[in-house]
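*Asks:* Build me a structure from this.
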Amino acid sequence: MAEMGRRPFKLMIDLVPETCWYSSLYKRMPRSKWDEIRHQAYLDAGQVCQICGAKEKLECHEVWEYDDEKLLQKLKGFMALCPMCHHVKHFGRSQQLAAEGRLDLDAIIAHFCKINKVTRKEFSAHKSEGFSIWQERSQKKWKTDLGRWSIYVRS
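*Replies:* Got it, this is the predicted structure:
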């Protein structure tokens with residue numbers, strides 16, 4: 001399920017199943033170690049967003065792979081993203097922030113459309129498919145594999 005829809009997009013919605021919320025490495029390790037990992041991700045990306053190339057403040061995005069047969073969520077690495085691209089990735093959270101008046105959801109959707117050179121109709125289809133996958137995956141209990149980063153988890 002790595003690519004949704006009829007064609008892959010450069011920027012995609014990447015929803016974490018509800019049953020995996022709070023299993024991120026960020027939430028489970030000392031802040032000082034997370035800072036090392038995220039700063040290295042920024043350096044590796046040349047201090048620009050790995051999707052759109054923006055040179056603004058960066059955020060570190062955990063890249064997860066899902067094995068739907070083994071019910072395994074595996075941490076594959078990290079991406080340096082601008083806030084707009086990061087809001088697209090976590091579109092479910094972005095909707096919550098928008099409902100609280102803390103985020104302009106139209107701007108996030110416009111960013112998706114601009115980066116992917118698509119219409120809002122194509123965005124809507126991508127969003128629907130993403131949430132359908134999320135809903136299906138959220139019904140299951142996943143095992144989490146933090147890979148080589150598991151040594152940093154607080155016990």
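
*Asks:* and Gln73, what helix or strand is that in?
*Replies:* Assigned by DSSP states H and E, Gln73 belongs to strand 72-81.

*Asks:* One more: Glu122?
*Replies:* For Glu122, the host element (DSSP H and E) is helix 120-137.

*Asks:* Asp14 now?
*Replies:* Here Asp14 is covered by no helix or strand, with elements defined by DSSP H and E.

*Asks:* Looks like it contacts Gly92 (just checking).
*Replies:* No - under the criterion of Cβ atoms under 8 Å, Asp14 is not in contact with Gly92, lying 10.0 Å apart. The way it works is simple: take the backbone N, C-alpha and C, and place the C-beta from them, glycine included.

*Asks:* how close does Lys117 sit to His86?
*Replies:* 20 Å (Cβ to Cβ, to the nearest Å).

*Asks:* Compare the two and say which is more crowded by neighbours.
*Replies:* Neighbours per residue, other Cβ atoms under 10 Å: of Lys117 and His86, the larger number sits with His86, 21 against 9.

*Asks:* where along this structure do the helices fall?
*Replies:* For the chain, applying DSSP state H gives helices covering 25-28, 31-44, 83-89, 91-99, 105-116, 120-137.

*Asks:* Determine which stretch of the ones you listed is the most buried.
*Replies:* Most buried of the helices of the chain by mean neighbour count (mean count of other Cβ atoms under 10 Å) is helix 83-89; its value is a mean of 22.

*Asks:* low pLDDT regions in the chain?
*Replies:* Low-confidence segments of the chain, defined by pLDDT under 70: 1-7, 155.

*Asks:* angle of the helix holding Glu122 against strand 72-81?
*Replies:* Orientation note: helix 120-137 sits at an angle of 150 degrees relative to strand 72-81 (axes from the mean of the first three to the mean of the last three Cα atoms, to 10 degrees).

*Asks:* which one is Lys55 nearest to, not counting chain neighbours?
*Replies:* Val48 (5.4 Å; Cβ to Cβ, 6 or more residues apart in numbering).
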